[in-house]
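Colleague: sharing a sequence plus its predicted fold:
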Amino acid sequence: SSKFVLSQMHPMWQGPLAVPGGDRQSPIDIVVRKSIFDSELKPLVTSYDPRTCQQIWNNGYSFLVEYDDTTDKSTLKGGPLKDKFRLCQFHFHWGETNAWGSEHTVDRKLFPAELHLVHWNADKYSLFEEAVMEDNGLAVIGIFLKVGKRHEGLQKLVDALPAIRHKDSVVEFNRFDPACLLPTNTDNYWTYHGSLTTPPLTESVTWIIMKQHIEVSHDQLAVFRSLLFTSAEEEAQKSMVNNFRVQQPLRGRAVRSSFI
Ligand SMILES: NS(=O)(=O)c1ccc2o/c(=N\O)[nH]c2c1
Ligand SMILES: [Zn+2]
C-alpha cells in the first residue's frame, strides 16, 4: 500500500490516510446486535496511583493528563488482556455542540465526548514508543460522556484548562485519580482490535469501550471548547472542537461483548 502519510501538523488526519495494511483502523460504529458475547472475557482490573500523575498539557489535538509510567504503580489488566499494561495518559475528544463529539458510536448513536485512558504492554515492551508499533502494544479504555449533572472529580481537571489554552502549553498537575472518571459498572464493555485515532494511526490497540457512560455538566464541556488548537504565537486562534476522527470500515473484524 502507498506510504502517503499527511504530516502530523496537518489537521486533515481525518482523511482516508493510507496506512500500512489499514484493515484495522479506529474508530468504528459498534453494532450491538452484531457483537458477540464472549464468556471468557474477564472483569477489568484497574489499579491507579494518583501520585503518578505528573502534568496536563495541550498537544494541539486534545489535552493530555500524563502519568509516570516508569513503574507498575498505575496498571490495567484483566478484561480481554493477557498482559499487564501501564497507564501513560488520558485525553478526550469532543464536538463544537453536544450533538456530536465521540469517536466511537453505538448503533450510530453519537455522544458529546469520549474519554480515552491509554495504556501500554509493560510485560512485552519497555517504552510506550516501542509498544505503539506492535499489534498488542496498547490498550485504550473508551468511555462515553453525556451531558447531565456536574462531575465533581472532573472539576479539578476543568479548573486547570485555562492555564493550557494554547497548543504546547503545560502545567504541573498532581494527585489526580483517573479511577474517579470510570463508570460505576466497568464489567460491561465491548472490545475489538483497532488503531490509534490520530497520527501515526498505528494498528496496535486493543480497544475496550465501556457500555456505561459518565455524566458531565454542560458548563464543564464548555470549558473543553475554550481550548485552542493554535499556539500563542499564531495569528488566527482556532477553537479546539471536533477533534474526533471519522469512522473507519470494520473490514470483517469481530466486536466482542463481555455481557449478554
Ligand atoms: N486517540 S487514541 O487512539 O486513544 C491515541 C492514543 C495515544 C496516541 O499516541 C499518539 N501519538 O503518539 N496518537 C495517539 C492516539
Ligand atoms: Zn483518543
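Modeller: Received the coordinates, thanks. Ligands and ions are numbered 1, 2, ... in the order given.

Colleague: with adjacent residues omitted, what lies nearest to the residue of the stretch 1-150 of the chain found nearest ligand 1?
Modeller: Using Cβ to the nearest ligand atom, the single residue of the stretch 1-150 of the chain nearest to ligand 1 is His116, 3.7 Å away. Every C-beta, even on glycine, is put in place using the N, C-alpha and C of the backbone. Closest residue to His116 apart from its sequence neighbours, by Cβ to Cβ, 6 or more residues apart in numbering: Val140 at 5.2 Å.

Colleague: one more: Ala236?
Modeller: Thr230 is the one closest to Ala236 (Cβ to Cβ, 6+ apart), at 6.8 Å.

Colleague: how close does the one you found sit to Ala160?
Modeller: 19 Å (Cβ to Cβ, to the nearest Å).

Colleague: kindly report the same for Asn188.
Modeller: Look at Asn188 and Ala160: by Cβ to Cβ, they are 31 Å apart.

Colleague: pick out whichever of the two has more residues nearby.
Modeller: Ala160 (18 against 14; other Cβ atoms under 10 Å).

Colleague: now do that one, the pLDDT please.
Modeller: The confidence metric pLDDT takes the value 98 at Ala160.

Colleague: switch to numbering from 7
Modeller: Sure, I'll start numbering at 7, so the last one becomes Ala166.

Colleague: mind listing what it touches?
Modeller: Shown in contact with Ala166 (Cβ atoms under 8 Å, 6 or more residues apart in numbering): Ile62, Val177, Phe179.

Colleague: just Ser237 next, same as before
Modeller: Counting by Cβ under 8 Å, 6+ apart, the residues that Ser237 touches are Gly66, His172, Lys173, Asp174.

Colleague: what's the answer for Leu227, then?
Modeller: Contacts of Leu227 (Cβ under 8 Å, 6+ apart): Trp100, Asn104, Pro118, Ala119, Leu151, Val153.

Colleague: which stretch of helix or strand covers the residue nearest to His122?
Modeller: If you go by DSSP states H and E, Val146 is part of strand 144-153.

Colleague: tell me which element Gln60 falls in.
Modeller: Counting by DSSP H and E, Gln60 is found in strand 59-64.

Colleague: which strands or helices does that strand pack on?
Modeller: strand 69-73, strand 176-178 (3 or more Cβ pairs under 8 Å, 6 or more residues apart in numbering; DSSP states H and E).

Colleague: and that strand, which strands flank it?
Modeller: Strands adjacent to strand 59-64 in the sheet, as given by DSSP bridges, are strand 69-73 (antiparallel), strand 176-178 (antiparallel).

Colleague: mind listing what's buried along it?
Modeller: Buried residues in strand 59-64, counting neighbours by 16 or more other Cβ atoms under 10 Å, are found at Cys59, Gln60, Gln61, Ile62, Trp63, Asn64.
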